[in-house]
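Trainee: Here you go, sequence then predicted model.
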Amino acid sequence: MDQHVSQATAPANGGTAEENRTDARVRQASTGFGISVEDYLLPTRGRIQMLGHDGSVLPVNEQGIAPGHNYPVPEDERLLRAYEQLVLGRRINDQNAALVRQGRMAVYPSSHGQEACQVAAAFALEKRDWLFPTYRDTVAVIARGVDPNQVMTSFRGEWHQGYDPLEHNTSVEATPLTTQLLHAVGVAHAARLRGEDTVVLAMCGDGATSEGDFHEALNFAAVFHLPVIFFVQNNGYAISVPLSAQSAAPSLAHKAVGYGMAGERVDGNDLMALLAVLDRAVSIAREGSGPLLIEAETYRMQAHTNADDDTRYRQSDEVAQWVERDPVIRMRAYLDERGLLTEAEQTRIAELAEETAKDLRDAMNADVQTDPLELFRHVFVEQTPQLKEQEAKLADELAREAEQTEETR
Ligand SMILES: Cc1ncc(C[n+]2csc(CCOP(=O)(O)OP(=O)(O)O)c2C)c(N)n1
Ligand SMILES: [Mg+2]
């Protein structure tokens, strides 16, 4: 463990006003590096990138890494497993977009182009940790082990999320922006009170960093030193609002310093760098020196959802520039170069992706059997008299409808 994550010490009393304003553990860590508190908390200049666009590993002095920080290249076996999830994630994104166009799903916010962030978020965590995703993080939820068909339940218009958050320590995909950050902080606080070493990774977008709940979550987490990683996928847009109209901060990672937490920027299309940066963040948080804010710079390659026409607010040449930075192609180039991706392995992964897409098509093409009476369940532990009355009315109506259908047969 490097000095950066050295054990927390109790806040000092009796120091100068300036010293007391800065948390003792932050001061201790910055002194260890021989740098100022601000330099310690501020993100590195530029962003951390390990893989070049051609898939080659950049020389360490060109990776944008701050002095004293160490980001080892993740092991081959892990990179291969992560690559498999990247390919799967891309196929799932594109299959779902097609299913929406065919009217088989109500909506699907695609993470096409952001798959490296999705996979890294899931891979950085242990099973016992918690993930708090948003509506755009379906691929992360699947990489965490949730059945793809179950994850799609709410996107086809059913009232529930389709999976049990407790089974995979993965919360529901939050649609109200940044509510999940507060829930994540609460779970981290509870884990800490219980003496568990759980780490919580909470995802949000660039636009979400303007929400009031974002501030409250970060402030609370920092004051209580909670083991939370706020993982911001900056994909350039909040629906039609570009980042330049969203925030005047030098970068979203810079927002961390105001809360007294460290921020870091990373190339969000570089799976290797994402894994390295998130691994380090998880170990810092687990050790008790969190929280942290990680900004991944990426790009939303498709429209916000099927309800959006992105040609009305951005030029196609802007999108085209990001095709060259595709995270799947970049990782494949690296694995190819290292001789890790045999033809047999490529075929196996491609077949697995096709199988998953077929399962999704089959599941979404089957008509949903809904029970309208489910509307009344899971709302109150003790049903209110009004709801009881309404439920009985609906049950009666349904029974009469069923009788009529039977008679006309
Ligand atoms: C509290 C709240 N306000 C507004 C919305 C409407 N809304 C849905 S997505 C979105 C944009 C979010 O952009 P960003 O955080 O960058 O995430 P992205 O969709 O790019 O992943 C908005 C404003 C919402 N869902 N919740
Ligand atoms: Mg966005």
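Mentor: Yep, that arrived. Ligands and ions are numbered 1, 2, ... in the order given.

Trainee: mind listing what's buried in stretch 334-350?
Mentor: Under the neighbour-count criterion of 16 or more other C-beta atoms under 10 Å, stretch 334-350 has 334-335, 341, 349 buried. Using the backbone N, CA and C atoms, a C-beta is placed for each residue, glycine as well.

Trainee: How about residues contacting that stretch?
Mentor: 51, 55-57, 76, 79-80, 83-84, 87-88, 272, 332 (C-beta atoms under 8 Å, 6 or more residues apart in numbering).

Trainee: Least confident of these?
Mentor: Taking those together, the minimum pLDDT is found at residue 55 (89).

Trainee: tell me the pLDDT at residue 376?
Mentor: We have a pLDDT of 88 for residue 376.

Trainee: That one: what's it in contact with?
Mentor: 383, 387, 390-391, 394.

Trainee: cool, and residue 42?
Mentor: Residue 42 makes contacts with 254, 257, 263, as judged by C-beta under 8 Å, 6+ apart.

Trainee: End to end on stretch 279-294, go ahead and measure it.
Mentor: End-to-end distance for stretch 279-294, by C-alpha to C-alpha, to the nearest Å: 11 Å.

Trainee: chain center to it: distance?
Mentor: 16 Å (C-alpha atoms, centre = their mean, to the nearest Å).

Trainee: List the buried residues of it.
Mentor: By neighbour count on 16+ other C-beta under 10 Å, the buried set for stretch 279-294 is 279-287, 289-294.

Trainee: Check which helix or strand residue 116 maps to.
Mentor: Using DSSP states H and E, residue 116 falls within helix 115-124.

Trainee: residues near residue 392, how many?
Mentor: 11 (other C-beta atoms under 10 Å).

Trainee: Please give the element, helix or strand, for it.
Mentor: Here residue 392 sits within helix 385-407, counting by DSSP H and E.

Trainee: which helices and strands does that helix pack with?
Mentor: Contacts defined by 3 or more C-beta pairs under 8 Å, 6 or more residues apart in numbering; DSSP states H and E place helix 385-407 against no helix or strand at all.

Trainee: which ones are touching the residue lying closest to residue 154 once chain neighbours are set aside?
Mentor: The shortest distance from residue 154 to any non-neighbouring residue, by C-beta to C-beta, 6 or more residues apart in numbering, is to residue 161 (5.2 Å). Applying C-beta under 8 Å, 6+ apart, one finds that residue 161 lies in contact with 153-154, 172-173.

Trainee: residues in contact with residue 359?
Mentor: Residues in contact with residue 359, defined by C-beta under 8 Å, 6+ apart, are 148-149.

Trainee: try 10 Å
Mentor: Listed by C-beta atoms under 10 Å, 6 or more residues apart in numbering, the contact set of residue 359 reads 95, 147-149.

Trainee: element containing the residue of the stretch 301-409 of the chain found nearest ligand 2, please.
Mentor: Of all residues in the stretch 301-409 of the chain, residue 304 sits closest to ligand 2, at 8.3 Å by C-beta to the ion. Under DSSP H and E, no helix or strand contains residue 304.

Trainee: Same check on residue 233?
Mentor: Secondary structure from DSSP H and E places residue 233 in strand 228-234.

Trainee: Out of the contacts of residue 376, who's the most crowded?
Mentor: residue 391 (16 neighbours).

Trainee: Phi first, then psi, for the residue lying closest to it once chain neighbours are set aside.
Mentor: Among residues not flanking residue 391 along the chain, residue 376 sits closest, at 4.4 Å (C-beta to C-beta, 6+ apart). When quoted as degrees, to the nearest 10, the phi and psi of residue 376 stand at phi -90, psi -10.

Trainee: Just the buried subset of the contacts of stretch 334-350, please.
Mentor: Among the contacts of stretch 334-350, the ones that count as buried by 16+ other C-beta under 10 Å are 51, 55, 79-80, 83-84, 87-88, 272, 332.

Trainee: ok, those residues vs ligand 1, which is closest?
Mentor: Ranked by distance to ligand 1 (C-beta to the nearest ligand atom), the buried ones among the contacts of stretch 334-350 are led by residue 88 at 20.0 Å.
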